[in-house]
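Student: Here is my input; please provide its structure:
(chains A and B)
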Amino acid sequence: MALLCASTSPTISIPHPLLSPLKPPATFLCHSSSSKTSAATASSPTADQTPSSSSSLSDQLLPLSLTLLTSQPTSPSATVAPPPRLPAKPTWTNPSKPRPTVLALRRQSRRPFSHNPSLRPLTELSRTLRLSPDLPSALAAAFPPGHSPSRDDALLLLNSLRSWQKSLQFLDFLRSLPDFPLDTIFYNVVLKSLRAGHQWHHVERLAGEMIDASVPLDNITYSTIITAAKRCRRFDGALHWFERMYRTGLMPDEVTYSAVLDVYARLGRREEVVTLYERACAGGWRPDAVAFSVLGKMFGEAGDYDGIRYVLKEMKELGVKPNAVVYNTLIQATGKAGKPGLARSLFEEMVAAGVSPNEKTLTSLIKIYGKARWSRDALELWERMKSKGWPVDFILYNTLLSMCADLGLEDEAEKLFEDMRRPDRYARPDSWSYTAMINIYGSGGKPDRAVKMFEEMLEKGVEPNVMSCTCLIRCLGKAGRIGDAVRVFETAMERGIRPDDRLCGCLLSVAALCEEGGETDMVLGCLEKANDRLVGLLKMLRDEQVGFGEIKDEFRGIMNEAAVEVRRPFCNCLIDVCRNQGHPSRRANELLRLGNLYGLYPGLHARTPEEWSLNLRSLSVGAAKTAFEEWMRSLWGSVVEQEEEALPLSFSVCTGSGTHKFSQGLATSFTSHLSKLAAPFRQVDEKSGSFVASKEDLVLWLRSTFSPAFVNA
DNA sequence: TTAGGGTTAG
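Tutor: Numbering: from 1, shown residues only, chains lettered A, B, ... in the order given. Here you go, the predicted structure:
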């Protein structure tokens, strides 16, 4: 995304109607140029239509956002969660002038579909053409010289081809006919077909041909091009064509406009979206459900709760009734913004308004309830779905199963899974369903059941994926069945499953659990096939002679290659392996230092005047012990250096209670570690996973535990 | 489906 953003912010120099108007209504910013604008033509913009300075679209829109759209100037370059300029309604400063607009208020009209009396033979021909392996020959046979198809017949046939290659061939055929009226509509149909085939290169080429042949591009052309670019993730291309539209003097209508709002939203350019939205509203546009869906999704992705409330308020004020898509988008958005309560009340509002929830609504809600650990709400919703006969599909079933896996709801998961296995169900268990079941048994310490699930999956011909193998390997590793875990890995390799970073992290964690010697070597043998660099780093860590600088370089290289979400688990597991496999004792500390250096453990330490605390919630057991030891060592340093006065009266450690029913519980391991050390931390009664010690007790303990020289060790 | 925009899973 970062790359995309960089490549889509080129300096754009366009005569944007907001700034250098091509049309009379947009004269408010360029008072002196109003007499020249009428001379502007669509195809040859003159020099004085170009903005005086080269700047990006966002820069060009900034003056507008400052003067018209908000009372609070915001930085145009803000890229991190800019607050939406919410209730600031556009104020029109000069009501005597017509409101400038950024979009045509009337949607482009379409020609009514003409009914063809000879539809039947045409239907047969369209089928023949659709199935023909050689379309040019089939067309030559169907339309010999002198028997060209009528315009409407050609359009109908073109529409029915369902293949972008054939659409292009059909277009070539029409071009070869003498005097065939090849107008914008034909190109639009082919563009749509290319879009379905994700053929961005051909889309741009064909649009270029339209320009060369002087076939006018209309709103439908532009919106098809822009959505094709989106589908191919060429957001730069989408913006390029949108800007070209203005350059040639064509005003977007609401369809093109909301397509572009979505482009800006997907680029995370929320400032532009809000500006463009408010700008169009000021010009008299009444946004519809699609526009609100785009805005709602964008605010949800940004976790912006105020933004979501703004969308709801705008819809209410403008009297736009949300449809199912808008509700779905907003429910999902509120979930992403961490507001499960609002998601639930939106859902109730939806049902009360008579809008039927569909599979997507229910999938989003179940996911939200699961994440919020609202098992009661989730199960009640499931009962309600069944009693109301709301639509269910396999994605919803799998989401329910995953929720059960996350919340440890084994019985409920088994019922759901049995339901899916019923022969009359179209929602048959797939690899996701089996993975969820393996996960449930794995977390519940039932490796035999998990293995049975895996075997059943293979028997039923359901191809395992990397996630199902990872879950089973983790489960077997935890149960100490290393040989079985290795066999599952080998099965995965034989079936052509490509190991990903999560599987590597899983193997690392299994390696940490192994007994030194043969078992570890077996697991590392697997890991070497998946990520030999990690195994290389482990060898370096084991070697006394390797210096910290070398470790640091290799660590950084590996983390840069790894997906962001696995970097901390990698570091945790590496520390565990070092502690459990007899590596030089300083290695765990070096790794923790590197993890801190590269920001893998944000918020590990916190200080208030009254209390210093250590937050171990995202650490593995080994990493937590290492972090605790380092902390104690640094506190001992303060004592030795006679800086005791600077210490607070209280110290706390937080491991988290592990809300997961089956979680191994860092709290448990850490409690026994503390008692082994005879450290004076005591569990706080009302808060499990929270430990405190007084300064007095801690200093006493430090003095009895460490020698004065230890701090320099 | 019938020339154009927005919504579901580790």
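Student: Please save the CA atoms from stretch A:616-627 in CSV.
Tutor: Extracted in CSV, the C-alpha atoms of stretch A:616-627 (Å, rounded to 0.1, in the frame of the first residue of the first chain):
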residue,chain,number,x,y,z
LEU,A,616,4.2,-8.8,29.3
ARG,A,617,0.9,-9.5,27.5
SER,A,618,2.3,-10.0,24.0
LEU,A,619,5.4,-12.0,25.1
SER,A,620,6.0,-15.7,25.1
VAL,A,621,6.9,-17.4,28.4
GLY,A,622,10.6,-17.3,27.6
ALA,A,623,10.5,-13.7,26.4
ALA,A,624,8.5,-12.7,29.5
LYS,A,625,11.1,-14.3,31.8
THR,A,626,13.9,-12.6,29.9
ALA,A,627,12.1,-9.2,30.1
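Student: Give the rounded mean pLDDT of stretch A:296-310.
Tutor: Stretch A:296-310 carries an average pLDDT of 95.
Student: And DNA strand B, is that stretch touching that?
Tutor: Yes - using C-beta under 7 Å from any atom of the strand, stretch A:296-310 reaches DNA strand B at A:K297. All C-beta atoms are positioned from the backbone trio N, CA, C, and that covers glycine.
Student: What are the buried residues along that stretch?
Tutor: A:296-302, A:304-305, A:307-310 (16 or more other C-beta atoms under 10 Å).
Student: And stretch A:285-298, by the same measure?
Tutor: Per 16+ other C-beta under 10 Å, stretch A:285-298 contains these buried residues: A:285, A:287-298.
Student: Taking these, tell me the two that lie furthest apart.
Tutor: Distance extremes for these: the farthest pair is A:W285 and A:K297 at 19.2 Å, using C-beta to C-beta.
Student: Following element in sequence after the longest helix belonging to chain A, please.
Tutor: Longest helix in chain A by number of residues, with DSSP state H as the criterion: helix A:621-640. Note on helix A:621-640: by DSSP states H and E, the next helix or strand toward the C-terminus is strand A:650-654.
Student: what's the angle from that next one to helix A:621-640?
Tutor: 170 degrees (axes from the mean of the first three to the mean of the last three C-alpha atoms, to 10 degrees).
Student: ok, strand A:650-654: who's next to it in the sheet?
Tutor: strand A:611-615 (parallel), strand A:690-694 (antiparallel) (DSSP bridges).
Student: What about the buried residues of stretch A:296-310, which are in helices?
Tutor: A:296-301, A:305, A:307-310.
Student: Tell me which residues touch the residue of chain A most remote from its centre, please.
Tutor: The centre of chain A is farthest from one residue, A:G146, which by C-alpha atoms, centre = their mean lies 55.1 Å away. If a contact means C-beta atoms under 8 Å, 6 or more residues apart in numbering, then A:G146 has no contacts.
Student: Report pLDDT for A:G689.
Tutor: Looking at A:G689, its pLDDT is 85.
Student: Nearest residue to the residue of the stretch 1-150 of chain A found nearest DNA strand B in space, please, no chain neighbours.
Tutor: The minimum distance from the stretch 1-150 of chain A to DNA strand B, using C-beta to the nearest atom of the strand, falls at A:R110 (3.6 Å). The shortest distance from A:R110 to any non-neighbouring residue, by C-beta to C-beta, 6 or more residues apart in numbering, is to A:I220 (7.8 Å).
Student: Show me what from the stretch 401-550 of chain A comes close to DNA strand B.
Tutor: A:402, A:430-432, A:435-436, A:465, A:467-468.
Student: which of the ones in helices among the buried residues of stretch A:296-310 sit farthest apart?
Tutor: It's A:E301 and A:R309 that sit farthest apart of those, by C-beta to C-beta, at 15.7 Å.
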